[in-house]
Structure formats: C-alpha cells, structure tokens
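K.L.:
one predicted model, sequence on top.
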Amino acid sequence: MNLSYLKYAVEVEKTGSITKAAQNFYMNQPHLSKIIRELERDLGSPIFDRTSRGMVPTKRGEEFLRYAKAILVQEEQIEALCQQNGERTLSISISVPRATYISYAFSTFIREMTAFPTMKVNYLETNSRDTIRGVAAKTFDLGVVRCQSLYAPYYQKMLQDENLEGKELWEFSCNLLMSASHPLADRENLTYLDLSDYIQLVQGDTQTPSFTFESEDSSSAGGSSRKTISIYDRGSQFELLRQVPGTFMWTSPVPYHLLGDLGLVQKTCSYPGNLHRDILIYRSGYRMSKEEKELVNCLFRLTSQLS
C-alpha cells in the first residue's frame with residue numbers, strides 16, 4: 001500500500017472534505033476521490049460516510065485511520081533513527097523562482113543550521129518548467145513554482161502527470177520594484193498604463209510550460225512597457241534599478257526592511273490578472289526531513305508576515 005495514500009486519507013478525516021484535502025495537497029478532487037475509493041476497495045468496506053456534515057469515518061474507517069496514523073508516526077521515527085547514525089549532515093536541495101523573500105528565508109534558515117558538521121546544500125533559482133523537471137527527475141527534492149492564479153488548474157494537472165504533490169505557500173499580488181528616486185516612487189494609485197515610458201527589467205530565462213500565460217517567472221505584466229531589458233542575475237537587476245533612471249520590475253512582495261539597504265521602494269500597481277501563487281512541490285510520497293520541514297516553516301512564516 002502506498003504510504004502517501006494513508007496520508008491523504010488522514011487529511012480527509014482532518015478536513016472532513018475531499019475537496020479541502022485535495023486543495024491542501026494541490027491535486028484535483030476527482031484524483032483524490034479515486035485514491036479513497038482504491039483504499040476502500042483494498043479494505044473491503046467504506047472508510048468514510050458521505051454525509052451533509054462532510055466526510056465522516058465509518059466504524060471500520062476509524063480503525064483503519066488509527067492504524068494509518070500509527071504507521072505514519074513510525075515512519076517518521078524510523079527516519080529519525082536513521083539520521084542518528086554517523087555524522088549528521090544537512091542535506092537540502094531546492095529549486096525556486098528568483099524571489100527575494102525566498103532567498104531571505106533560505107538565508108535565515110541556513111544561519112540556524114551552521115552547527116551541522118557537514119553540509120550538502122543545493123539552491124537553484126530558475127524558471128517553473130525547470131523546477132518541475134528537476135524535482136520529477138530527483139535532481140531536487142523540493143521546489144517552488146510560480147504561476148498566475150488563473151492558471152493554477154493547469155499546474156495541478158502538470159504536477160499530477162509528473163507524480164508530484166504541491167502545497168500552496170501563498171497567493172499574492174505583484175508589486176513594482178524601483179529606485180527611491182524613480183519619477184513614480186512618490187505616486188499613488190499606479191496602474192500598468194503609467195509604466196509605458198519607463199524601462200522594464202524582466203527575467204532573462206522566461207522558458208515555461210507550454211501555456212500562453214507565461215511571464216509568471218518574471219512576474220511581469222505583459223505589455224506594461226515599450227522598453228524592456230532581459231537580465232538573468234538578480235544582483236544585476238538590483239544594480240540596474242539603482243543606477244539606471246526610470247527602470248522598474250515586477251516582483252513578489254519584498255521584506256520591507258531590505259528595501260532601505262538596497263535604496264529601493266516597492267509600489268502596488270493594478271493590472272488585469274495580478275494574482276499569483278507560489279507552490280511548494282515534491283515527489284508523491286516524499287517524506288521531508290526535520291530540516292526540510294523547518295525550511296518550509298521559514299517560508300510560511302515570512303509569507304505570513306508579508307501578507
């Protein structure tokens with residue numbers, strides 16, 4: 001029996017809803033319903049009663065879920081026991097979009113992990129397509145992909161096809177990032193129409209899945225400027241924002257205390273479709289280590305502060 005199926009069943013009990021449980025694992029509801037039916041077929045009886053109050057465990061289902069929870073706890077205990085043998089190594093491999101809040105959370109996490117005698121850490125900033133490929137191919141254990149919320153169902157199917165699971169980190173509107181001396185820095189109620197005469201910086205590698213909605217890795221509003229500069233390195237982007245008058249870029253919200261050090265400001269700006277999601281992804285059935293869970297918690301804590 002697939003251990004990840006046990007995890008799904010426990011989540012259905014916790015939420016009382018297949019729909020909510022599916023959302024928590026970033027899969028579609030019919031797929032999770034099929035998994036529950038497979039478990040019930042293997043058990044030989046229903047695990048849940050479908051009632052007006054939601055999904056309620058049957059008497060046999062309660063017994064099944066009790067064993068399922070015990071198995072999941074034991075799996076974690078075995079992993080912890082294995083980690084006690086030999087020299088402790090911090091092992092993290094994660095592929096993410098170019099986002100200041102993610103790199104800041106990652107730096108905060110690493111700062112707390114310096115006591116490890118050995119480290120094997122791989123942190124890559126790239127586009128969503130390469131992240132999905134990297135996690136599916138086991139090049140990376142964790143990933144964060146970014147998409148416009150409108151197209152989240154396409155990503156649900158893509159993750160399912162690649163046998164990946166996803167959990168939403170947060171949903172956000174992109175901000176404009178610009179120099180504090182930018183002509184628009186003191187303007188309020190900006191719209192994308194105000195940007196046409198200024199220079200937009202976009203990510204240099206906008207390769208994405210085969211959907212027409214892309215530019216999500218650069219978080220850009222297509223057509224907001226007649227002047228664009230494509231640039232790959234985030235440090236060079238910040239330098240251009242500081243040094244070249246009239247430059248700007250779209251970005252996920254940046255921790256405010258970092259802006260002063262960079263000499264930058266972030267501005268809200270309305271444009272159609274300005275709602276995005278960052279989604280944590282991993283292979284189906286993958287069990288995160290204690291340290292990986294702490295990294296994910298760092299990300300959630302920071303997104304909570306920025307929301």
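P.N.:
Perfect, I can see it now.
K.L.:
which strands or helices does the strand or helix carrying Lys14 pack on?
P.N.:
Following DSSP states H and E, one finds Lys14 within helix 3-15. If contacts are counted by 3 or more Cβ pairs under 8 Å, 6 or more residues apart in numbering; DSSP states H and E, helix 3-15 sits against helix 18-24, helix 29-43, strand 54-57, helix 59-84. In short, each C-beta sits where N, CA and C put it, glycine included.
K.L.:
how many neighbours does Gly285 have?
P.N.:
12 (other Cβ atoms under 10 Å).
K.L.:
for Ser4, see how far away it is.
P.N.:
According to Cβ to Cβ, to the nearest Å, Gly285 and Ser4 sit 4 Å apart.
K.L.:
next one: Arg53
P.N.:
26 Å.
K.L.:
out of those two, which sits in the more crowded spot?
P.N.:
Ser4 (18 against 8).
K.L.:
which stretches of the stretch 151-300 of the chain form helices?
P.N.:
Assigned by DSSP state H, counting those that start in this stretch, the stretch 151-300 of the chain shows helices spanning 152-161, 234-243, 256-262, 290-306.
K.L.:
which of the three states applies to Val144?
P.N.:
strand (DSSP: H, G, I helix; E, B strand; the rest coil).
K.L.:
low-confidence ranges in the stretch 1-150 of the chain?
P.N.:
For the stretch 1-150 of the chain, the stretches with pLDDT under 70 are 1, 26, 79-80, 82-87.
K.L.:
make it 90
P.N.:
The stretch 1-150 of the chain contains residues with pLDDT under 90 at 1-5, 7-8, 19-32, 52-53, 72-89, 115-117.
K.L.:
so who does Met288 touch?
P.N.:
In this structure, Met288 makes contact with Asp141, Leu142, Tyr282, Val296, judged by Cβ atoms under 8 Å, 6 or more residues apart in numbering.
K.L.:
and the last one, what does it touch?
P.N.:
By Cβ under 8 Å, 6+ apart, the contact list for Val296 reads Leu142, Leu280, Met288.
K.L.:
right, and the second one touches Leu299 too?
P.N.:
To tie it back to what came earlier, the one meant is Leu280. Yes - with contact defined as Cβ atoms under 8 Å, Leu280 reaches Leu299; the gap is 7.4 Å.
K.L.:
which residues are common contacts for these two?
P.N.:
Common neighbours of Leu280 and Leu299, using Cβ under 8 Å, 6+ apart, are Val144, Leu169.
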